[in-house]
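Asks: below are the sequence and a predicted model for it; my questions follow.
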Amino acid sequence: MAEERRQKHCSVVLPTESMKAMAESVGVGQLQEDSCVALSEEVSYRIKEIAQDALKFMHHGKRRKLTTSDIDNALKLKNVEPLYGFQSQEFIPFRFASGGGRELHFYEEKEADLSDIINTPLPRVPLDVSLKAHWLSIEGMQPAIPENPPPATKEQQKAESTEPLKVVKPGQEEEGTIQGKSQGTTTPDGKGKEKGLIRLKPRSTHELSVEQQLYYKEITEACVGSCEAKRAEALQSIATDPGLYQMLPRFSTFISEGVRVNVVQNNLALLIYLMRMVKALMDNPTLYLEKYLHELIPAVVTCIVSKQLCLRPDVDNHWALRDFAARLMAQSCKTFSTTTNNIQSRITKTFTKSWLDDKTQWTTRYGCIAGLAELGSDVIKTLIIPRLAVEGARIKAVMEGPVVSNIDKIGAEHVQSLLLKHCASVIAKLRPQPDNVDQYRTDYGYLGPMLCSHVMKARTQAALQAQQVNRTTLTITQPRPTLSVSQSGLSGSSGPRTPSIIKVPSSLTLMSPRPGTPSQPSPPATKYIVMATSAGAASTQQVITLSSSQSASPVTSTVPSATSTLQPLVKLESGSGAGLTASRPLQKYIVVSLPSSASSSLETKSSVLPTSISSSSLDGGMKLERSESPGASTQSPH
Amino acid sequence: DMSLAKQSTDYFVTLYTKQPSADGFGNNNANDGRVLSASPGSSSSTGSNKQTAAVTPEDQQTLLAVLQFLKKNKLSESVEILRREAGLPENSLDPKANESAGAGSGGAAGIVDLEGGDASSLLSRVTGSSSAGAQAPTKGTVQSGCSAVAEDQPDVSVVLSAYSQQGDPTLYKVYYRDLKKFIETVLDCHRAELSQVFYPLFVHMYLELVYNNHESEAKAFFEKFSGDQECYYEEDLRILSGLTKKEHMRGNETLLDFRTSKFVLRISRDSYQLLKRHLQERQNNQIWNIIQEHLYIDIFDGMPRSKSQIDAMSGSLAGEAKREANKTKVYYGLLKEPEIELPLDDEDEEAENEEGKPKKKKPKKDSVGSKSKKQDPNAPSQNRIPLPELKDSDKLDKIMYMKEATKRIRLGPDNLPSVCFYTFLNAYQGLTAVDLTDDSSLIAGGFADSTVRVWSVTPKKLRKVKSAADLNLIDKESDDVLERIMDEKTASESKIMYGHSGPVYGISFSPDRNYLLSSSEDGTVRLWSLLTFTCLVAYKGHNYPVWDTQFSPYGYYFVSGGHDRVARLWATDHYQPLRIFSGHLADITCTRFHPNSNYVATGSSDRTIRLWDVLSGNCVRIFTGHKGPIHSLAFSPNGKFLASGATDGRVLLWDIGHGLMVGELKGHTDTIYSLRFSRDGEILASGSMDNTVRLWDAMKAFDDLETDDFTAATGHIHLQDNSQELLLGTYTTKSTPVIHLHFTRRNLLLAAGAFNP
């Protein structure tokens, strides 16, 4: 304990390498080790000081999250010019990279597609502040309305179900406190211990208020009623309402009883409605469903594997219900399966057992396979694929053998397509490339050829998707012909930028190797990205010269290398901002300032492009400008 | 008069013991000092050489200074006694008499009731002028120390220079460990008390090491012992841990605080004797010097306090409050309400009739009853501070208030208030302050984007006054002229006011609802008109963020406090502050007016609460016990009690008259930003960053007090941990920190905060 605390207080100092890196970034080459140490200590101390001050602003801002504005205000407090223009969508704008023995954090400067930016509609104006009143409590009781948190949190519900003796219901808690908290807290414990000896489990009651009873009636009626709009509303309510936990046992019973009755009566519609209710319950984040799984899971499984779910099995689409229920089952396995309840393995066993049974009907067979398949590719790989050949033979017997019954045939067809659907993608990942039909036939029997074509389809699809992904990443990973100008105050001072570390109050003399310190406040550190068509730029004052020699990027490969040195004009929007006139042939450059995406302003300098590139195919952001170029090229002085 | 005599000798001893710290020139005749300074191991033994002489000129001067001081403070009897004991008044001074005087006071070297600055400046005047040559300062920095005291303003370098005396840096650990060992072996009853010295000693020793450039030793020292410190000092330790170089010490506020103010400890006489004896035996000068120079030990007679008692009161930046600091009489009673005549009856009847209820005479009687109340003996005189005259509109409002008051719900444990929550949506983490008018008709929000917004929460919309040209056209004689001046076209539910250039941190409506105050990061307090919705005045004075501001309950005056550590009292028609309340050691985080407008309470990041007298500008109460910056304060409606909430999630209750902590309410898990008593004071509501509103049984909390305890000289408190019994209800919001609470005139609780998804 004490050890930990000491650890916390241990003064952390920035590594001296950081100082070196920072010095290099502002043009100070060889910094003495001693200076680095001194600097890093000083800087660490100042940073801590500022962070401590910034915390004050956070506290007074009634927030839990420290923001950049807090840092700015803390800097202001120390009479230091705050960092202007620092804004980031992400909380931490840095990216990490390592290589060549060095580790770096840097600003991620994404290439912006201008056409996208131009064409995207303006972001919506943020909503204005508004005031909303609700009852947090009425005479000591908190009403269960959406504005208030759910009366019992999931944890409470869990505690209630796992340790029923300790339960103090949220509603009763207030009453307990009214009568004196001592009663409310100490006696139940005592009681619990006493009763623990007798082993009496108190009956937990779920009394519903009149309102709740009405609500329950309305909801259940709407859920199984004929009006679809009402049903959607009711399901929405089940999925979102935070105050349902009191009614949960009733819903659970409603569903399980409903399934029991309607399976017998083969009422497909009602079964579907009931499954949708299950789905809504599972979607509600405030409910602790574990307690009711014993009722819900059998109901769901029934809807997956029941021999008959509808009156006319040859016409009605009970397959959809089985699919839906199978997905529900998979979802509940994912959320509720633990090492103690073993839901997933128990379910898997159930499905496999009936699937392996030869006498199993096609409908049940379909349900079992669907249920298994929904559980994920691992299950498919281990349980379904090995049985493909056997299953194929069975299907073949129905499809090609003498017509036994139409229903069997439909069942076999569905099983077949189900198997193909689920197995193809898994096999595509399992098997190496050349898809040989014969090979498939030997491996998977009757289903082999069909599988083969499905797998090939899956492969092409995957490739297509990958290509799309590649495309997008391509623009990011390509060597960027970008140049960032980190300073906008360009009043002719060619010296490296003064380090904008924290300025110390005048009383303190900080050993800082400042080269040629100008007395002006540090200029706003706005980032500019200059996008050019050729790489390897070097900066002089306001002009960016591009040497059009060899270029690594696929973009520039299409640019004719004959182009001589270009002097593009870069107009910076802040700072002196005096646009220069360029005497040389100009290329089109787009300067994007990046304080934030919302306020990023674009300035395009229309200018002249070399004629020859007009037809070249270019990707990404340059496309738009290229297409314009022929028009521009006519004005070319060349 | 024995007590006076004792007091005088205490003065005497104090002046002596003070001397080394003041000028570093230790001709310590006082018993304590001499024994210690004679010890060989001490490098800081400052001038034991001098005391062989029976009477040095300095001694005479000092004695004279003491006499002068006593005279000045009209302690003639003490003067007599001192003279008698010191022999003849003018010349023959008997050193033995001095000694006996010192011995008579025993170890009471610490108990003084004088402002340090005053006495030492006097002292320095005397010694500095007469004996500049005679002083043989052992250290170069000592001189500057002397001059600084003369200036009466602790200069940074001077303050720091106190650390220049140093021992062997490697021995610091040994010293500290020795003391630790000793304190661990003393009797249980003393251990808790003596453990108090650990923290200040630790800090001072660490700073001394840092100051003298023993960086590695300092670090080792810190790592070895920082874990032993009480957990509530963790924040300070974190700051301290960052400070590793002498250069850092300059300009560090926390450090300055520690230096300029002596850390106050309350220790029973027995425990103190024990400590003293130990240090003398061990000749542990390093520690003894720190105790003498940087600590203020407030010694009391009686039983040593228990650990819990000490913990309840400690935690502030500079130790506990001196008992003397809370001795001044505070007029906490309420002012007599002005008598409002006849219209009450008419209005009442009308109102009753309108609502179709039968006429009742009862409410009227109630309101009359309040009028006939006698003057509270604890109340300040009605005109102690000038208050604004009641206008007709104020009287109307008072009538409204009384009418509402008759419909007020009596709250209690069985009758909890309903809570209506005003949630600010789409505030994007930008809501920083909220206030509601007393009649609950308007709500105002201060935002991080520098705006101030006002909403009407009644169907009545907000309207501006017509333009000057339009105003010329209206009939000024008409009865409804107040209605006619309003421009119907501007009616809207909310209005935005622009003017600040930084986040708005404090906001307050004037009682007459005509003005709104806002304080901001930009260092200004702005007064806005709620008739024109424009800014009227920007009060400049705080050059740093102003964290809070509040109108006096009678209007006209307002108080503000901020990062510059001073609270300012303003009047709306003065552009300069009327009073500056200075004394806090860190940011003032919240400010509250006492219901009688004669006092102002301020809470601070130094973890103390101070009560200031508006009339004199003096600090009349210092409350310590919070373990984190205080962010909310509330006076009980009867003016007797104060509740305070801090970042530590605890609410503390204070008896203003006796200057004591009377309760602790634990339950919140995060900063408490808002506290409010119900209109009759039965319920205390607290709102916190932990998204809860909690209700506490204030009646019970205050009723259970055994007031007899207070009269005991020790003034120790026994707090029983009954938070759970007092907690009446907890109401959680979905994800909205509660930053403001307000009881309507009928005792409905309104809460406000910004939804923070």
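Replies: Sure thing, it's come through. Only a predicted model underlies this, so the values are computations on that prediction, with no experimental measurement involved.
Asks: ramachandran angles for residue B:642?
Replies: Main-chain torsions, residue B:642, degrees, to the nearest 10: phi -130, psi 140.
Asks: my bad, residue B:750
Replies: Backbone geometry at residue B:750, expressed as degrees, to the nearest 10, gives phi -110, psi 140.
Asks: check residue B:623 too.
Replies: For residue B:623, the backbone dihedrals (degrees, to the nearest 10) come out as phi -110, psi 120.
Asks: wait, it sits on residue B:662?
Replies: No - taking contacts as C-beta atoms under 8 Å, residue B:623 lies outside contact range of residue B:662: 10.6 Å. Placement of C-beta: from N, CA and C, glycine included.
Asks: how near is residue B:643 to chain A?
Replies: Noted for residue B:643: a distance of 19 Å to chain A, by C-beta to the nearest C-beta, to the nearest Å.
Asks: same thing with residue B:604?
Replies: Going from residue B:604 to chain A by C-beta to the nearest C-beta gives 12 Å.
Asks: who's in contact with that residue?
Replies: B:561, B:565, B:584, B:585, B:586, B:587, B:588, B:589, B:610, B:629, B:630 (C-beta atoms under 8 Å, 6 or more residues apart in numbering or on different chains).
Asks: next: residue B:485.
Replies: Counting by C-beta under 8 Å, 6+ apart, residue B:485 touches B:465, B:466, B:471, B:474.
Asks: how about the first one: which residues does it bridge to?
Replies: Same thing as residue B:465. residue B:486 (DSSP bridges).
Asks: now for residue B:598: which residues touch it?
Replies: By C-beta under 8 Å, 6+ apart, the residues touching residue B:598 are B:331, B:380, B:384, B:385, B:613, B:614, B:615.
Asks: should've said residue B:187
Replies: With the criterion set at C-beta under 8 Å, 6+ apart, residue B:187 makes contact with nothing.
Asks: again with residue B:590
Replies: B:547, B:548, B:561, B:602, B:603, B:630, B:631, B:632, B:633.
Asks: in terms of helix, strand or coil, where does the second one fall?
Replies: To tie it back to what came earlier, the one meant is residue B:548. Classification of residue B:548 by DSSP: H, G, I helix; E, B strand; the rest coil places it in strand.
Asks: name the nearest residue to the closest residue to chain B within the stretch 101-250 of chain A, ignoring sequence neighbours.
Replies: With C-beta to the nearest C-beta, the shortest gap between the stretch 101-250 of chain A and chain B falls at residue A:140, namely 3.5 Å. Using C-beta to C-beta, 6 or more residues apart in numbering or on different chains and skipping residues adjacent in sequence, the residue nearest residue A:140 is residue B:416, 3.5 Å away.
Asks: near chain A, which residues of the stretch 101-250 of chain B?
Replies: B:219, B:222-223, B:226-228, B:234, B:237-239, B:241-245, B:247-248, B:250 (C-beta under 8 Å from any C-beta of the partner chain).
Asks: out of the contacts of residue B:598, which are buried?
Replies: B:331, B:380, B:384, B:385, B:613, B:614 (16 or more other C-beta atoms under 10 Å in any protein chain shown).
Asks: for chain A, state which of those residues is nearest.
Replies: Of the buried ones among the contacts of residue B:598, the one sitting nearest to chain A (C-beta to the nearest C-beta) turns out to be residue B:614, at 24.9 Å.
Asks: coming back round to it: looks like the residue of the stretch 101-250 of chain A closest to chain B contacts residue B:729 (just checking).
Replies: Yes - using C-beta under 8 Å, residue A:140 is in contact with residue B:729, at 5.6 Å.
Asks: which of these two has more residues huddled nearby?
Replies: residue B:729 (23 against 20; other C-beta atoms under 10 Å in any protein chain shown).
Asks: output the below-cut-off pLDDT ranges for chain B.
Replies: For chain B, the stretches flagged by pLDDT under 70 are B:1-61, B:86-167, B:254, B:341-375, B:704-719.
Asks: 50 - rerun?
Replies: Residue ranges of chain B with pLDDT under 50: B:1-55, B:88-155, B:342, B:344-372, B:711-713.
Asks: break it into its domains for me.
Replies: Listed domain ranges for chain B are B:165-326, B:419-473+B:483-709+B:716-754 (source: the TED database).
Asks: could I get the ones you listed as a markdown table with distance to residue A:420?
Replies: As requested, the domains of chain B are arranged in a markdown table below (distance: least, C-beta to C-beta, whole Å):
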| stretch | distance to residue A:420 |
| --- | --- |
| domain B:165-326 | 64 |
| domain B:419-473+B:483-709+B:716-754 | 47 |
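Asks: tell me the most buried of those?
Replies: Ranked by mean neighbour count, these are led by domain B:419-473+B:483-709+B:716-754 with a mean of 21 (mean count of other C-beta atoms under 10 Å in any protein chain shown).
Asks: residues touching residue 382, list them.
Replies: By default, I'm working from chain A. For residue A:382, the contact set (C-beta under 8 Å, 6+ apart) is empty.
Asks: not what I meant, chain B
Replies: Counting by C-beta under 8 Å, 6+ apart, residue B:382 touches B:335, B:336.
Asks: that one and residue B:732: what is the separation?
Replies: Note on residue B:382: its distance to residue B:732, by C-beta to C-beta, to the nearest Å, is 45 Å.
Asks: is stretch B:503-520 anywhere near chain A?
Replies: Yes - applying C-beta under 8 Å from any C-beta, one finds stretch B:503-520 in contact with chain A at B:503, B:505.
Asks: how long is that stretch from one end to the other?
Replies: 6 Å (C-alpha to C-alpha, to the nearest Å).
Asks: likewise for stretch A:304-316?
Replies: 15 Å.
Asks: in it, which residues are buried?
Replies: A:304, A:305, A:306, A:308, A:309, A:310, A:313, A:316.
Asks: now, which of those lie within helices?
Replies: Using DSSP state H, the subset of those located in helices is A:304, A:305.
Asks: what is the nearest of the buried residues of stretch A:304-316 to residue A:354?
Replies: In terms of C-beta to C-beta, no member of these lies closer to residue A:354 than residue A:305, at 6.4 Å.
Asks: isn't that closest one up against residue A:353?
Replies: No - the pair residue A:305 and residue A:353 does not pass the contact test of C-beta under 8 Å, sitting 10.7 Å apart.
Asks: now do the buried residues in the longest strand anywhere in chain A.
Replies: The longest strand of chain A (DSSP state E) is strand A:130-137. By neighbour count with 16+ other C-beta under 10 Å, strand A:130-137 contains the buried residues A:131, A:134, A:135, A:136, A:137.
Asks: also stretch A:108-121?
Replies: The neighbour-count check on stretch A:108-121 (16+ other C-beta under 10 Å) flags A:109, A:111, A:112, A:113, A:114 as buried.
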